[in-house]
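Student: Provided below for reference: sequence and predicted model.
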Amino acid sequence: MLEVDNLSCRRGDRTLFTALSFMLPASTLLHVRGRNGSGKTTLLRALCGLLRPDAGAIRWRGEPISELADDYNREILYFGHLNGIKADLTGQENLRVAATLDQDPLTDGAITDALAQIGLAGFEDLPTRMLSQGQKKRVALARLILSKAPLWILDEPFTALDTDAVALLERLIAGHVADGGAAVLTTHQEVSLTRGEIRRLELGAIGC
Amino acid sequence: MLSVFLCVLNRDLTLALRRRTDVLTTLLFFVIVVSLFPLGVGSERELLRLLGPGVVWVAALLASMLALERLFAADYDDGTLEQLLLAGQPLSLLVLAKIVAHWLLTGLPLVIIAPLMAMQYALEATAIWVMMAALALGTPVLSLLGAIGAALTLGLRGGGILLSLLILPLYIPVLVYGAGAVSVSVIEIADTQPYFALLGAFLLGGLVLAPPAAAAALRISME
């Protein structure tokens, strides 16, 4: 589905990676690893189209993502370092905004269910400002339950989560991949899948 | 399309209502700046009548600047701006929704309170009506132009000062024709229509050009 060809990215004067190529077919999880500062976030932002790479091409189902633009954006779900939720809105409202932006007609019940599934039953009407770090992250991760996007791009999704949430998130990712979705993930811990394929990409070891 | 526009508009209005101080700051700033001038220059009615339109308009420009910095910065800080960019919806539309929300929160209150302010400058009823109409047409242009500057200076250190230097010169035409309309309305034979025609033209031009320009600037700032 996703094809990266000869990609290179720089931040300022520093070259992060050059001549990076890989394929990401359906039902595959790409686990990107590398030491701090090796360009994992930069790669993921480039894959989202938030950042223009210095050279190389990223293609989605054979077409360059820069040409697909909004059509590509509708196909991906990006989860960055920042949770992307509003502290003054409740969990329910945050997810409602996200669903409307995705043009996903969701009922309030579906959103409440998703929040309950992620372990936030009873917190849906509190402004997320009142929640702990981990709970805020859970609100943001509830988007994974509701999303229908075929490509998930997750930047360090496991940080600040407790063991229950980590297990839940692993199940969600495994379910997504088993359903024929693709996912790109950075994390320092090991991930395992029951079904589907895991590919590993080590940044910092190649190129430069 | 409309549902996405309304969703972002509704989101920004809800957020502002939960943080009322931000909205009140702009309004109180406007009230205080306008009220300081009569105290400074004395209570000569003729002088105040002459100064009034210009002072109200300059205060409106500064007040509208005040909240501009936060227009995109708040969303930038918590990552929601990234999500807006990746929403797969036309970014200009989302930006326009944010600009409309900004105007409803900072521009519209100024239009409504303007008559009260104008009374301090001994302006007559007709001049007050003209002032309200001119502000109603002019302040959306301020929000539209300001959004381009806010998007360009997003994430920069000292962006607030840079934003003022960038945007205030662009506000000059609005200031000239907005204050001009009020000044002219005091003279009986004068016609204010050309002033309104020009302000209207600025507004239409801004509505068409500013959202795509701000959207493009946002994409650059997010890299």
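Tutor: Structure received.
Student: interface residues of chain B facing chain A?
Tutor: Within reach of chain A by CB under 8 Å from any CB of the partner chain, chain B has these residues: B:3-4, B:7-8, B:11, B:14-15, B:18-19, B:77-80, B:82-90, B:222-223. Where C-beta positions appear, they are placed from N, C-alpha and C, glycine not excepted.
Student: Quick one: buried ones out of those residues?
Tutor: Neighbour-count burial (16 or more other CB atoms under 10 Å in any protein chain shown) applied to the residues of chain B next to chain A gives B:4, B:7-8, B:11, B:14-15, B:78-80, B:82-90, B:222.
Student: Just the residues of chain B next to chain A: which are in helices?
Tutor: Using DSSP state H, B:3-4, B:7-8, B:11, B:14-15, B:18, B:77-78, B:80, B:82-85, B:222 are the members of the residues of chain B next to chain A that sit in helices.
Student: Give me the domain ranges for chain A.
Tutor: A:1-75+A:150-208, A:87-148 (automatic domain parsing).
Student: closest one to B:Ala114 among these?
Tutor: B:Ala114 lies closest to domain A:87-148 among the domains of chain A, at 29.4 Å (CB to CB).
Student: Please tabulate the domains of chain A in JSON lines, including the columns mean pLDDT and mean neighbour count.
Tutor: As requested, those are exported to JSON lines (pLDDT from 0 to 100; neighbours: other CB atoms under 10 Å in any protein chain shown):
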{"stretch": "domain A:1-75+A:150-208", "mean pLDDT": "86", "mean neighbour count": "17"}
{"stretch": "domain A:87-148", "mean pLDDT": "87", "mean neighbour count": "18"}
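Student: Output those in TSV; the columns should cover distance to chain B.
Tutor: Below are the domains of chain A laid out as TSV (distance: least, CB to the nearest CB, whole Å):
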stretch	distance to chain B
domain A:1-75+A:150-208	3
domain A:87-148	4
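Student: so can I have CSV of these showing distance to B:Leu142?
Tutor: Shown next, in CSV, are those (distance: least, CB to CB, whole Å):
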stretch, distance to B:Leu142
domain A:1-75+A:150-208, 29
domain A:87-148, 25
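Student: Enumerate every residue touching the nearest residue to A:Leu20 once chain neighbours are set aside.
Tutor: In this structure, A:Leu20 finds its nearest non-sequential neighbour in A:Leu7, 4.4 Å apart by CB to CB, 6 or more residues apart in numbering or on different chains. Going by CB atoms under 8 Å, 6 or more residues apart in numbering or on different chains, A:Leu7 touches A:17, A:19-21, A:43, A:46, A:53, A:55-58.
Student: same question, A:Gly49
Tutor: A:58, A:65-66, A:69, A:72-73, B:86.
Student: Could you tell me which of those residues belong to strands?
Tutor: Among the contacts of A:Gly49, the members falling in strands (DSSP state E) are A:Ile58.
Student: Now, the contacts of A:Gly49 that are in helices?
Tutor: Residues of the contacts of A:Gly49 located in helices (DSSP H): A:65-66, A:72-73.
Student: ok, residue 54 - contacts?
Tutor: Picked chain A for this. Going by CB under 8 Å, 6+ apart, A:Asp54 touches A:8-10.
Student: Chain B is the one I meant
Tutor: B:175, B:179, B:183.
Student: Relative to A:Gly80, which of the residues you listed is nearest.
Tutor: When the contacts of B:Gly54 are ranked by distance to A:Gly80 (CB to CB), B:Leu175 comes first, at 40.4 Å.
Student: Mind telling me what element the closest one is part of?
Tutor: Element membership for B:Leu175, per DSSP states H and E: helix B:172-186.
Student: what's next to that helix, contact-wise?
Tutor: Residues from elsewhere that reach helix B:172-186 (CB under 8 Å, 6+ apart): B:49-50, B:52-54, B:56-58, B:61, B:123-124, B:126-127, B:130-131, B:133-135, B:137-138, B:141-142, B:145, B:190-192, B:195-196, B:198-199, B:202.
Student: Show me which of those are buried.
Tutor: Listed as buried from the contacts of helix B:172-186 are B:49, B:52-54, B:56-58, B:61, B:123, B:127, B:130-131, B:133-135, B:137-138, B:141-142, B:145, B:192, B:195-196, B:198-199, B:202; burial here means 16+ other CB under 10 Å.
Student: In helices, which of those appear?
Tutor: Short answer: these in helices (DSSP H) are B:49, B:52-54, B:56-58, B:61, B:127, B:130-131, B:133-135, B:137-138, B:141-142, B:145, B:195-196, B:198-199, B:202.
Student: tell me the contacts of B:Leu47?
Tutor: Neighbouring residues of B:Leu47 by CB under 8 Å, 6+ apart: B:Val41.
Student: burial count for the residue in chain A positioned nearest to chain B?
Tutor: Taking CB to the nearest CB, chain B has its nearest neighbour within chain A at A:Leu82, 2.6 Å off. Using other CB atoms under 10 Å in any protein chain shown, A:Leu82 is surrounded by 16 other residues.
Student: ok, and the closest non-adjacent residue to residue 126?
Tutor: Using chain A. Excluding the flanking residues, the one nearest A:Leu126 by CB to CB, 6+ apart is A:Thr90, at 6.0 Å.
Student: Chain B, not that one
Tutor: In this structure, B:Thr126 finds its nearest non-sequential neighbour in B:Ser185, 5.8 Å apart by CB to CB, 6+ apart.
Student: what about that neighbour, distance to B:Leu137?
Tutor: Going from B:Ser185 to B:Leu137 by CB to CB, to the nearest Å gives 14 Å.
Student: With A:Ala183 instead?
Tutor: Distance from A:Ala183 to B:Leu137, by CB to CB: 50 Å.
Student: Kindly report the same for B:Val34.
Tutor: Counting by CB to CB, the separation of B:Val34 from B:Leu137 is 19 Å.
Student: follow-up on the earlier one: need the contacts of A:Asp54 in a markdown table with secondary structure, can you?
Tutor: Listed next are the contacts of A:Asp54 as a markdown table, based on DSSP: H, G, I helix; E, B strand; the rest coil:
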| residue | secondary structure |
| --- | --- |
| A:Ser8 | strand |
| A:Cys9 | strand |
| A:Arg10 | strand |
